[in-house]
Every structure is written in C-alpha cells, then in structure tokens.
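1. take a look and give me a structure for this.
(one chain, ligands or ions: 1)
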Amino acid sequence: MTIPAQIVFTADRLQFVYQSAPARFLQNLEVGEVGWGMADSGLFAIEVDGERIDAMHPDLVLQAVNQTTPAVGQTQTQLTFAYAPLQLTIDFFVMTYAGATLCESWIVVKNHGSAPQTITRLDSLVLHIPSASYDMLHYTGGWGSEFGPVRGRLNGDVRLETRAGRSSQGMHPWCTLWRDGRSAMSVSVAWSGNWAIRLDEQNDGGFELSAGLNEWAYFSVLAPNQSVTAPKVAWVLNDNPSLNDLAQQYAMIGRKYWYPHAPLADAMPVEWNHWWTYEDRAINEEVFRANVDVAAKMGMEVCALDAGWFGPSDPGTHWYDYRGDWHNVNTRRFPSGIRALADYTHEQGMAFGLWCEIEALGRHAEAAKQHPAIVATRHTAPLGYVCLGSDAGWQWAYDTLDRLITDYAADWIKLDFNLDPGAGCDRTDHGHGAGDGLLCHYHGYYRLLQAIRDAHPHVVLENCSSGGLRIDLGLARQTHMAFLSDPDWPEHSLQLFWGAATMLAPDALLHWGFCEWGFADHPQQTFDPQSTALTVSQLDYYTRIGMLRRFGFSQGLPTLLPWVADRYVQHITDYKNTIRRFVKYGVLHHQTNQPRRDGTLDRYAAFQYVLADSAESLLAVFRLPGAKPRRVIPVTAIEPELQYQLTWLGDNRVQTMAGADLVNGLYCDDLPEPGAVMILIRAIRSA
Ligand SMILES: [Zn+2]
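-> Purely as a prediction, here's the structure:
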C-alpha cells in the first residue's frame, strides 16, 4: 500500500492535515486560521510495559491509511501504525462530519507477537495546544448536584476524571477551553466508566491535552492476536468563543448520527411516573390504575412503573436489597401481576414503562446465589453488579431484559444504576483480565443495549443512574434519553438543563417538572400541589421548566385540585401541539448564563429553540427568585426587516413586534417572581 505524504481529515471549516513523509508531524489542525495542535502533537498515546507510544514515537511506522464513508456526511480515516519492538499495531481512527468542526477519535491496540503485552494507558486524543491564556469550564457531579460549573483560568496541570466507575459521579466527562477569549475547544469522553481529561503544562507555556480511558487501576494483558478498543473522544474546535456554537455541534451530530431511534421515543411522549409520590411503600395496582385513568384523561402518553414492583412481598423487605430478582413480582402490591397493569395502560391508549436496574445485584438477591458466574467481584468481594464483561453475565442480562419486555409488553424501560463500581471486576474467569473488567463491562453494556434495541426496535430505553450520575456520549448512543437528576426543584432543574444541553440535544434529555415528594426528605423538594397557597404563576414556572426537554410528571394525579389538573392539561396540550417539535428539531441557544441551585449566578434563565428555516422559534424565559424585575433577553434568528408575531403559549397573549426592535432583545418587566413564559415567535412574511 502506498501511504500518501499528506493525510487529509479536513471537513469544511476544519483544516486537519497530518504529514506522513518524509517526517511525521501534525501539519495543520485549525478552524478559521486558529490552530489547536502543535506539530509535535501525539494525536493518541498508549503505555505498554512502562513505555509511552504516540504518533511521534521514532520507532512507529505508518503501515496503512484507509478512508471510508460509514454514512452520508461521515468520513472515517484509519491510520494503522506498527510498533515493531513489541509487535503491536495501533489503529488510530478519526471520524469527521460534513458541515461540522467536530471530530471523534479512538484507538484499537492489537498484539501481533507471541508474547503477552500489558497495556496500562489508552488515550484516544493527544494534542499539544499552543501557549496562550486559557479559561476552562467543567462540571462537578454528585447525587442531586449534577452539572456544578467550575470555571477559571488554566494555571498549571489539571486533571479531570472519575474513579467511581460511572461517568458523571464526581465530574462530568466534558470540558471547554477558551483561548485568549477569542476561540474555543470542547472535549467529551464518550464513555460511561472511568475516564480522564488531562492538561499538562509544557515548557513552551502550552499544554498537552490528553483524553480517554482513566489509567487509574487499569491494565489490559493482551494475549497474542488479542486487541483492546479505547473509548471514543468527541472534540469540537471553533474560531469564536461561543459556547452555543460548540453545544450546537454536539447536538447536531448527536441527532444525526449518534442517538438511537424508536417510534415511541421519536414521538416525544408526555410521561407519568409513579415514583416520587408513592415510592415503593405506597404503590400497588389499585393506585397505579387510578393514576392511569387520570393520566389518560389529561392527555399523557406513557405511564411508568418504577421500583417497588419486584422482589419478595414481605413488607419488611426493601427493593434495593433484591435488585436482580426480576423474576419475582411483589404479589402483595400487584396480585394481578405486571402484565395486567401493562394491558390496562394499553387499553387506556397509553404506552407502558417499567423500571429495571439490570446491572445491579442487591445483597439479598437470589440471582447472585443462583448464578454465581455473573457476579462482579474485586478481591473476591461482590461489587453489587452483574459483570457484563463475562459471557454468563451478558447472556443473563440479555435474557432477563428480553423476557421483561416480552412478558410484560413493556414499551419503555427505565434503566437505573444505583452504585459505584469503582475500579470494577477483577475476576480472571470472566473472559476479561484482572485490570480491565470495568472496560469490558461497559463494552458489554453497550453491546447489550444494542442487542435489545435490535430485538425490540419499538422499545424506548431511558438512561438513569441515581438520577444523573452516568450521563455521557457513550450511553447517549445506546439509550433514547438521559434522566438528569433525582431532585427537580426549579433552580436545580434549570441549572441541570443549562449544563446538560452543552453536550446533549434537548430531545436526548428527560426531567420532570417539580415533583410531589410523598416520602423522601429533601429541604428543597417541598412542592405540594394541593396547597391552597399555590398560584398559577408558580405552577406554570414549575411545569414549564419540565417542558424544556422531554416532559413528564411524577405526582399523584387522582388527588390534584381541579384547577391544577386543568392547568396541566393546558401545558400538556401546548407541549404536544407546539413545544415538542421545537425540543426535537430546534437548534438550542442558551440566552443567559447558567443559574445555580444555591441562588447565585444568573437569576434569569432563557432558552431559545430555532427551527432550521429560522422562520419560527420558541423562547422560554424564567425569572428565578431574587431576580431583578427587568431584564432584556437576547433573541436570535431575527431579520430586522420582518415583522414578528409573538404568542405567549397558554397565556392568551399575542403581540406583533418589528424585527428591528426584537433584534435588540425582548424586554421583560412583567414576569412574576418566580415566573415563566413560553413565547412562540413567527415571522410575518407579508410585512
Ligand atoms: Zn468480571
């Protein structure tokens, strides 16, 4: 094979050229003349037996270059490097997209020798970024505190990572760098386990940016002919500092190439879920049916049975201890069985959802005793999950999910994951090694969800993990939506949406409006829909936050006050008739800075969804507690020479405005505190 002297990855505005001969170096990586990779950039890196090997390694030989088009607009370039001293090959893959300055890169390392080789690090992206003044934004994550912004000047080495074994526990696998305030780059590791993004200061004042699998507690012993695939890293470059531009590229490529589809998921159904009002202790088939009846009348489209349906019927037991026993139905609560509830829900014209924590094994689970081969352990102690890196665990999980979907006629599975696997399984009888059990678990989990979607193409898969502790672009390719967080009080919810929407499109996100918590204690989860003090503007504010993405309720429906139920019906109607097509197709603009759940940062939150032809958009504005009464909200996609009709959805207000005025923003001075409006903006062409 002849190797071209220049390998061109270029896509539209992205200039990306690698020189292969006579010397190897990164010739060009820039957008709009802003360069993001110095010539000596490693592009990728592995460590094997203590030695680092990247694209600049003198003993590496470029053996082959292969360019393919997996789908229209997608170009995959594969560079096969050979490392003769250890008889390894490293395949470096770059995926580029027409019309985007977003790339994905990853590596596959294969052992062609006769001796095993121990790999201890896999970086799917390594760039030497130039000396400059950098600002960085990343997010911390924890239960009920996802998407906590951390922004500051890059000064010295920085390491972002998780070691919890799930991607957004501790930190989210995403960051954005601003260079001299004039250009920006965003990086996201598309991986659900332990990941790392590192910035190591270089002698020239620049940084080495590396991203991929976390090397902590990781090693793969590659037997002859064995290979290992590293997590993908997605990265976006731009020659302006707009975070919206970067976020929109993640969303555009996600919608077009990454997110899976199912007819029900694509319909963006309005959901009711039983959990917060009833939890496990107060749910039973009578209560569920009573809610289904009301949900159907209110226009909801899916009803989901959350935890509490499985395990022993003894009231002294707790569901958490029996996760894994999906063959047992709690017959005290559900004497007619789960299928009867599904059938009842279907008879009311709605879809049926079921919660399942398929990877988990509670401490009393019979499944672990009956199938010891599926149990993930470390130093022989059970880790509380099914190792999907083992054939036995994978098959058990597949058969279990397949049976639940079939037997219970489930249209939707809420996949939860309420534990930290840490470094993961180190068993050596699972088909993986002692150091790559977690890596193999996640490759197995992705394969499992793919196989379930292939076998049940109608089924909707929701990704949840103690709320939002496993939100990443790896699972976004396997599930139809990510659930953002367990709590959902308004400021928390707005903070989450603002953050999550810098990585995922709004239609890839689910979070309900302010829920009615019947039992769990949380200082901010105080919403009582039956309170006589509740006002319409409060209710609108709570509910419209939930309408920014996939929309649902976790409230007791039969006990709603009549005016509250009527108002919800209005919101559901607006969502179905108007809002959800903006959520599904609109380009999202964050029009304010991120509000914080602690009452600081921005006290207004505004989001605008612009449809492709720009003739229509939806502007959602929220005035948070503590906000000043007046604020000008930026409005995009306005032509100064046109007239616009503004329709306040659900509020009986219509107004015409000149584009020449609207282009300067929308002046808000009559929003209640707190309050929310959703405004449909339409160009009047005849103006
Ligand atoms: Zn294992």
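
2. what's around the residue in the stretch 251-400 of the chain that the ion sits nearest to, how many residues?
-> Residue of the stretch 251-400 of the chain nearest the ion, by CB to the ion: residue 387 (3.1 Å). No exception for glycine: its C-beta is placed from N, CA and C like everyone else's. Counted by other CB atoms under 10 Å, the residues lying close to residue 387 total 31.

3. could you report the pLDDT at it?
-> We note a pLDDT of 98 for residue 387 in this prediction.

4. measure it to residue 177 for me?
-> Between residue 387 and residue 177 the distance, using CB to CB, to the nearest Å, works out to 36 Å.

5. roughly how far does residue 513 sit from the ion?
-> 40 Å (CB to the ion, to the nearest Å).

6. residues touching that residue, list them.
-> 488, 542, 543, 544, 545, 546, 547, 551, 552, 553 (CB atoms under 8 Å, 6 or more residues apart in numbering).

7. then residue 160?
-> 138, 171, 173, 175, 196, 197, 198.

8. closest one of those residues to residue 506?
-> residue 173 (19.4 Å; CB to CB).

9. the closest one: which element?
-> Applying DSSP states H and E as the criterion places residue 173 in strand 170-179.

10. buried set for that strand?
-> For strand 170-179, a neighbour-count test (16 or more other CB atoms under 10 Å) marks 170, 171, 172, 173, 174, 175, 176, 177, 178, 179 as buried.

11. cool, stretch 527-544 as well?
-> Neighbour-count burial for stretch 527-544 flags 527, 529, 534, 537, 538, 539, 540, 541, 542, 543, 544 (criterion: 16+ other CB under 10 Å).

12. same check, this time on stretch 586-595
-> Going by 16+ other CB under 10 Å, stretch 586-595 has these buried residues: 586, 587, 588, 589, 590, 591, 592, 594, 595.

13. now do the same end-to-end measure for it.
-> Stretch 586-595 has an end-to-end distance of 22 Å (criterion: CA to CA, to the nearest Å).

14. how far away is residue 443 from the ion?
-> Taken as CB to the ion, the span from residue 443 to the ion is 12 Å.

15. and after the helix or strand harbouring that residue, which helix or strand comes next?
-> Using DSSP H and E, the element containing residue 443 is helix 437-455. Next helix or strand after helix 437-455 toward the C-terminus (DSSP H and E): strand 460-463.

16. what pairs with the lengthiest strand in the chain, parallel or antiparallel?
-> Secondary structure of the chain read by DSSP state E shows that its longest strand is strand 117-129. Using DSSP bridges, the strands paired with strand 117-129 in its sheet are strand 43-48 (antiparallel), strand 207-213 (antiparallel), strand 220-222 (antiparallel).

17. so which of the ones you listed is nearest the ion?
-> Among these, strand 220-222 sits nearest to the ion (CB to the ion), with 13.3 Å.

18. leaving out sequence neighbours, find the closest residue to residue 669.
-> Distance criterion CB to CB, 6 or more residues apart in numbering; nearest residue to residue 669, sequence neighbours excluded, is residue 630 at 4.5 Å.

19. quick revisit: please list which of the contacts of residue 160 are also close to the ion.
-> Checked against the ion using CB under 5 Å from the ion, the contacts of residue 160 yield no neighbours at all.

20. rewinding a little: now for whatever helix or strand comes next after the longest strand of the chain, which elements pack on it?
-> Using DSSP H and E, the helix or strand that follows strand 117-129 towards the C-terminus is strand 134-141. For strand 134-141, the contact count by 3 or more CB pairs under 8 Å, 6 or more residues apart in numbering; DSSP states H and E identifies strand 148-153, strand 170-179 as packing neighbours.

21. strand 134-141 pairs with which strands?
-> strand 148-153 (antiparallel), strand 170-179 (antiparallel).

22. got a markdown table for those, with distance to residue 66 and mean pLDDT too?
-> Shown next, in a markdown table, are those (distance: least, CB to CB, whole Å; pLDDT from 0 to 100):
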| stretch | distance to residue 66 | mean pLDDT |
| --- | --- | --- |
| strand 148-153 | 40 | 97 |
| strand 170-179 | 28 | 98 |
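
23. and of the buried residues of strand 170-179, the nearest to residue 658?
-> Within those, the smallest distance to residue 658 is 34.7 Å, found for residue 178 (CB to CB).

24. so that closest one sits against residue 184, correct?
-> Yes - counting by CB atoms under 8 Å, residue 178 touches residue 184, with 5.0 Å between them.

25. and for the two, which residues touch both?
-> residue 241.

26. enumerate the residues of the stretch 201-350 of the chain near the ion.
-> Counting by CB under 5 Å from the ion, no residue of the stretch 201-350 of the chain is near the ion.

27. any stretches of the stretch 201-350 of the chain with poor pLDDT?
-> For the stretch 201-350 of the chain, applying pLDDT under 70 flags no range at all.

28. could you redo the last one with a cut-off of 90?
-> 311, 313-317 (pLDDT under 90).

29. quick one, strands of it?
-> Ranges of strands in the stretch 201-350 of the chain, per DSSP state E, counting those that start in this stretch, are 207-213, 220-222, 227-229, 232-238, 271-273, 302-305.

30. residues contacting the second one, please?
-> By CB under 8 Å, 6+ apart, the residues outside strand 220-222 that reach it are 88, 109-111, 116-119, 228, 433, 435-436, 439.

31. and stretch 620-639, end to end?
-> End-to-end for stretch 620-639, by CA to CA: 20 Å.

32. next, give phi and psi for the nearest residue to residue 667 once chain neighbours are set aside.
-> Closest residue in space to residue 667, ignoring its immediate chain neighbours: residue 632 at 5.4 Å, by CB to CB, 6+ apart. Phi and psi for residue 632, reported as degrees, to the nearest 10, are phi -100, psi 120.

33. check contacts around residue 632.
-> Counting by CB under 8 Å, 6+ apart, residue 632 has contacts 664, 665, 666, 667, 668.

34. with secondary structure as added columns, please give the buried residues of stretch 527-544 in a markdown table.
-> A markdown table is the format used below for the buried residues of stretch 527-544 (DSSP: H, G, I helix; E, B strand; the rest coil):
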| residue | secondary structure |
| --- | --- |
| 527 | coil |
| 529 | coil |
| 534 | coil |
| 537 | helix |
| 538 | helix |
| 539 | helix |
| 540 | helix |
| 541 | helix |
| 542 | helix |
| 543 | helix |
| 544 | helix |
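
35. residue 351: which of those is nearest?
-> Nearest to residue 351 among the buried residues of stretch 527-544, with distances taken as CB to CB, is residue 543, at 21.3 Å.
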